[in-house]
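Chemist: Here is a sequence with its predicted model. Questions after.
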Amino acid sequence: MTRKVKLVFLLLLAACAAFLPQSEAQKKTADSPAQKIDDAALKKADARSGDWITHGRDYAETRFSPLKQINDANASELGLAWSFNTDTSRGLEATPIIVDGVMYTTGSWSIVFALDARTGKQLWKWDPQVPHSYGARACCDAVNRGVAVYKGKVYVGTLDGRLVALHAETGQLIWEVVTVDQAKQYTITGAPRVVKGKVIIGNGGGEYGMRGYVSAYDAANGKLAWRFFTVPGDPKEEVPAVMKPAMDKAAKTWTGEWWKLGGGGTVWDSLAYDPELDLLYVGTGNGSPWNQNVRSPGGGDNLYLSSILAIKPDTGALVWHYQTTPGDMWDFTATQHMILADLTINGQRRKTLMQAPKNGFFYVLDRATGELISAEAYVSVTWAKGVDKKTGRPIESPEHRYKDKTVVMQPGPLGGHNWQPMSFNPNTGLVYIPAQETGFAYGQERDFKYKDRGWNIGVDFALVKDMPAAIPTGHLLAWDPVAQKERWRVPYVVMWNGGTLTTAGNLVFQGTADGRFVVYSADKGAKLWQVNVGTGIIASPVTYEIDGIQYVSVMAGWGGAFALTGGSIGLPATPGRLLTFALNGKGQLEMFAAKPPKPPEPIELTASAEMIAKGGDLFAQYCAVCHGIAALGGGGVLPDLKYSSPATFNSFQKIVLDGALLGEGMPSFKQSLQAADVEAIRAFVISQRNGLTVKK
Ligand code: CA
């Protein structure tokens with residue numbers, strides 16, 4: 001090739017490259033506002049008053065907005081600005097991200113939406129096509145808690161364990177990596193965070209016998225940078241040098257052959273970051289199986305279950321840990337939302353980390369060292385008398401380590417507070433917790449055997465019938481973290497209410513399980529405004545400002561763990577929606593009428609009373625966690641089996657044992673149940689159905 005020909009060739013190549021679709025997409029990314037969300041922007045996320053650029057609004061995860069156009073004097077003038085239908089019937093848990101007028105959010109099944117934040121007009125949609133069979137390994141619904149935005153890309157973790165990077169402008173796929181062994185029962189429901197060019201993501205599976213870990217991927221190309229396992233593995237396994245001191249320490253606190261059962265400690269939700277200390281905070285989940293008598297039969301603290309970990313984001317090295325529930329056996333996760341705030345305690349300015357984990361104690365830690373500053377019960381707690389300030393350990397009542405007898409205690413597995421985020425208002429000094437009063441009857445599952453498919457908790461769910469008949473309730477709790485005292489509360493008739501948002505307008509926003517979106521004054525808890533939205537809200541609201549108008553948005557779609565297990569609230573089936581409010585909003589919210597199910601035709605039943613009773617026990621153990629407690633009318637998210645068609649009752653064995661409906665998320669129970677067991681369950685469900693029939 002002569003020099004001239006070479007030059008022409010290169011020019012041609014350059015000209016062609018300009019028209020390649022990839023270059024066009026790259027150019028668009030370079031111009032997009034999302035491109036400007038870099039490390040400097042994320043560090044000062046709280047300063048971008050009109051935006052909401054990371055999950056908890058800032059790295060400290062305060063969920064506090066300085067906006068005050070909507071305030072305690074005018075909140076009663078709120079109205080609907082726009083609504084967006086996500087076209088799904090499962091739970092909505094996402095916190096939308098807003099960057100310069102564009103909103104990025106997720107619906108059920110990890111579907112990502114980009115919307116015009118002024119109007120709700122869809123800009124693009126990306127469906128990861130998660131096989132619905134993954135619903136069978138999602139303990140707590142096919143939910144997703146949202147995306148991260150960084151340098152022109154949108155990141156999402158999908159239910160089937162992928163981490164995905166999309167073009168913020170177009171929704172085009174840039175890269176995706178599988179972050180889990182998809183042959184095992186892992187899922188992702190949590191929102192990623194981006195710290196120093198790395199996307200941080202964990203996963204769920206704590207009810208299925210999985211081993212927890214958190215991973216960091218290069219935000220540019222999806223290359224794995226590090227992975228920190230939260231519990232030790234097979235002692236024969238090689239551990240990277242940077243993780244070894246932490247893993248060696250943890251291994252000494254386990255007994256038996258825990259690694260064959262998973263161990264747990266899954267990192268399924270909360271993360272926070274302090275740029276000054278350069279520490280990434282990670283909340284870890286429950287023991288897996290729950291029952292320590294089968295998981296680690298000789299006892300031990302089982303590090304790092306139910307813990308808060310401080311990790312160096314560059315390397316994954318552990319700096320400190322604080323374990324809220326040593327040797328957990330009650331599903332007491334410490335995956336609840338963590339908030340970083342500087343508080344004056346005993347005259348000293350302290351860099352604190354606050355958490356209200358499931359176990360019922362509100363913790364204030366020194367976030368530089370992990371030292372316990374204070375811990376007090378924020379809901380009814382019967383499993384421990386308090387937290388020892390010297391050792392940082394709960395003062396446990398030993399009888400609660402159930403083995404040979406059932407133990408009824410508070411809180412239960414749904415926790416004094418679950419994943420629904422709390423918020424912190426620096427003006428009032430209060431933390432707003434979606435709190436709940438729950439209990440549970442814990443007892444050991446006889447002849448526990450590890451199953452490749454299905455739950456592995458080692459606890460007999462059928463014992464729930466031994467619980468006192470109190471209905472679990474919820475309340476919005478305004479907690480003073482310095483005094484460790486309640487300042488005010490708003491009681492709710494039912495638990496499982498939404499996460500909270502607080503603003504400089506002296507406001508707290510929260511959706512409720514009974515289908516309302518409510519605004520309270522942040523200082524006193526006075527109800528200022530509410531709207532009926534027709535479905536239970538579990539997600540957290542966000543607020544943002546465009547062209548001088550402040551908006552408040554919340555995703556409304558009933559679902560999640562409590563809804564699956566029987567938290568029927570009697571509201572009509574309403575499609576999932578994203579609702580946005582503003583002062584003097586004039587939009588009309590479409591409401592859906594409740595259709596009471598027609599009493600089904602009875603089905604002939606010849607089973608003995610004994611068989612029906614056995615079926616009832618098996619139903620409680622294996623079916624109720626998804627289909628709800630039949631006697632209470634099902635959960636309202638997945639089918640109430642009483643209303644199944646006669647054809648379904650005819651195919652019961654095929655569905656339950658052979659996995660005939662696996663594609664719809666119904667797993668096979670071949671490893672747990674025999675044909676006679678399935679017959680008993682079928683008889684029990686038919687007995688419930690026939691009991692419903694109105695006699696003429
Ligand atoms: Ca759990």
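Modeler: Good, I have the coordinates.

Chemist: For the closest residue to residue 587 other than its chain neighbours, grab the count of nearby residues.
Modeler: Among residues not flanking residue 587 along the chain, residue 80 sits closest, at 3.4 Å (CB to CB, 6 or more residues apart in numbering). Any C-beta I mention is one placed from the backbone N, CA and C, and that applies to glycine too. Neighbour count for residue 80, taken as other CB atoms under 10 Å: 17.

Chemist: where along the stretch 201-350 of the chain do the helices fall?
Modeler: 244-251, 292-295 (DSSP state H, counting those that start in this stretch).

Chemist: now the shortest one: mean pLDDT?
Modeler: The average pLDDT within helix 292-295 is 96.

Chemist: What of stretch 602-610?
Modeler: pLDDT averaged over stretch 602-610 gives 90.

Chemist: do the same with stretch 684-696
Modeler: Per-residue scores along stretch 684-696 average to 71.

Chemist: which one of the helices of the stretch 201-350 of the chain has the most crowded surroundings?
Modeler: helix 292-295 (a mean of 24; mean count of other CB atoms under 10 Å).

Chemist: quick revisit: residues in contact with the residue nearest to residue 587?
Modeler: Applying CB atoms under 8 Å, 6 or more residues apart in numbering, we find residue 80 in contact with 531, 579-581, 585-589.

Chemist: Near the ion, which residues of the stretch 251-400 of the chain? Just list them.
Modeler: Counting by CB under 5 Å from the ion, the stretch 251-400 of the chain comes close to the ion at 286, 331.

Chemist: where exactly do the strands run in the stretch 251-400 of the chain?
Modeler: 263-264, 271-274, 279-283, 287-288, 307-311, 318-323, 338-345, 348-355, 361-366, 372-377, 384-387, 394-396 (DSSP state E, counting those that start in this stretch).

Chemist: I'd like these laid out as CSV, including mean pLDDT and distance to residue 137.
Modeler: Listed next are the strands of the stretch 251-400 of the chain as CSV, based on pLDDT from 0 to 100; distance: least, CB to CB, whole Å:
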stretch, mean pLDDT, distance to residue 137
strand 263-264, 98, 15
strand 271-274, 98, 22
strand 279-283, 98, 21
strand 287-288, 98, 13
strand 307-311, 98, 24
strand 318-323, 98, 27
strand 338-345, 98, 26
strand 348-355, 98, 27
strand 361-366, 98, 30
strand 372-377, 98, 34
strand 384-387, 98, 32
strand 394-396, 97, 31
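
Chemist: So for residue 516, which of the ones you listed sits nearest?
Modeler: Across these, residue 516 has its closest neighbour in strand 338-345 (25.0 Å, CB to CB).

Chemist: Okay, buried residues for that closest one please.
Modeler: 338-341, 343, 345 (16 or more other CB atoms under 10 Å).

Chemist: packing partners for that strand?
Modeler: Under the contact criterion of 3 or more CB pairs under 8 Å, 6 or more residues apart in numbering; DSSP states H and E, strand 338-345 touches strand 271-274, strand 279-283, strand 348-355, strand 423-425.

Chemist: can you redo these as JSON lines with mean neighbour count and distance to residue 64?
Modeler: Converted to JSON lines, those look like this (neighbours: other CB atoms under 10 Å; distance: least, CB to CB, whole Å):
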{"stretch": "strand 271-274", "mean neighbour count": "24", "distance to residue 64": "14"}
{"stretch": "strand 279-283", "mean neighbour count": "26", "distance to residue 64": "18"}
{"stretch": "strand 348-355", "mean neighbour count": "18", "distance to residue 64": "13"}
{"stretch": "strand 423-425", "mean neighbour count": "26", "distance to residue 64": "6"}
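
Chemist: how about these, which one is nearest residue 141?
Modeler: That would be, of the helices and strands packed on strand 338-345 and by CB to CB, strand 279-283, which comes in at 19.5 Å.

Chemist: I would like the residues contacting that closest one, please.
Modeler: Applying CB under 8 Å, 6+ apart, the set of residues contacting strand 279-283 is 195, 200, 202, 214, 228, 230, 267, 269-274, 307-313, 319, 333-336, 338, 340, 353, 355, 357, 367-368.

Chemist: wait, doesn't residue 82 sit right on residue 587?
Modeler: Yes: assessed by CB atoms under 8 Å, residue 82 is found in contact with residue 587 at 6.0 Å.

Chemist: who's more crowded, the two?
Modeler: More crowded of residue 82 and residue 587, by other CB under 10 Å: residue 82, with 20 against 15.

Chemist: In terms of helix, strand or coil, where does the more buried one fall?
Modeler: Of the three states, residue 82 takes strand under DSSP: H, G, I helix; E, B strand; the rest coil.

Chemist: need the helix or strand of the protein with the lowest average pLDDT.
Modeler: Sorting the helices and strands of the chain by mean pLDDT, DSSP states H and E puts helix 3-19 at the bottom, at a mean of 44.

Chemist: Can you name the residue of the stretch 401-550 of the chain nearest to the ion?
Modeler: Among all residues of the stretch 401-550 of the chain, residue 413 sits closest to the ion, at 6.6 Å; criterion: CB to the ion.

Chemist: neighbours around residue 611, how many?
Modeler: Residue 611, neighbours per other CB under 10 Å, totals 19.

Chemist: Look up phi and psi at it.
Modeler: When read as degrees, to the nearest 10, the backbone of residue 611 gives phi -70, psi -40.

Chemist: Can you name the residues of the chain sitting close to the ion?
Modeler: 206, 286, 331.

Chemist: ok, 8 Å please
Modeler: 139-140, 204, 206-207, 266, 268, 285-286, 288, 290, 331, 333, 413 (CB under 8 Å from the ion).

Chemist: Can you tell me the centre-most residue of the chain?
Modeler: The C-alpha lying nearest the average C-alpha coordinate of the chain belongs to residue 419 (CA atoms, centre = their mean; 4.9 Å).

Chemist: Tell me how many other residues surround the residue lying closest to that residue once chain neighbours are set aside.
Modeler: Nearest residue to residue 419 in three dimensions, chain neighbours excluded: residue 269, at 5.1 Å (CB to CB, 6+ apart). Around residue 269 there are 23 other residues, counting by other CB under 10 Å.

Chemist: and if you look at residue 593?
Modeler: Neighbours around residue 593, by other CB under 10 Å: 6.

Chemist: tell me the pLDDT at it?
Modeler: 79.

Chemist: now the strands of the stretch 251-400 of the chain in CSV, with distance to residue 408?
Modeler: As requested, the strands of the stretch 251-400 of the chain are exported to CSV (distance: least, CB to CB, whole Å):
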stretch, distance to residue 408
strand 263-264, 23
strand 271-274, 34
strand 279-283, 27
strand 287-288, 20
strand 307-311, 26
strand 318-323, 25
strand 338-345, 30
strand 348-355, 26
strand 361-366, 19
strand 372-377, 18
strand 384-387, 15
strand 394-396, 16
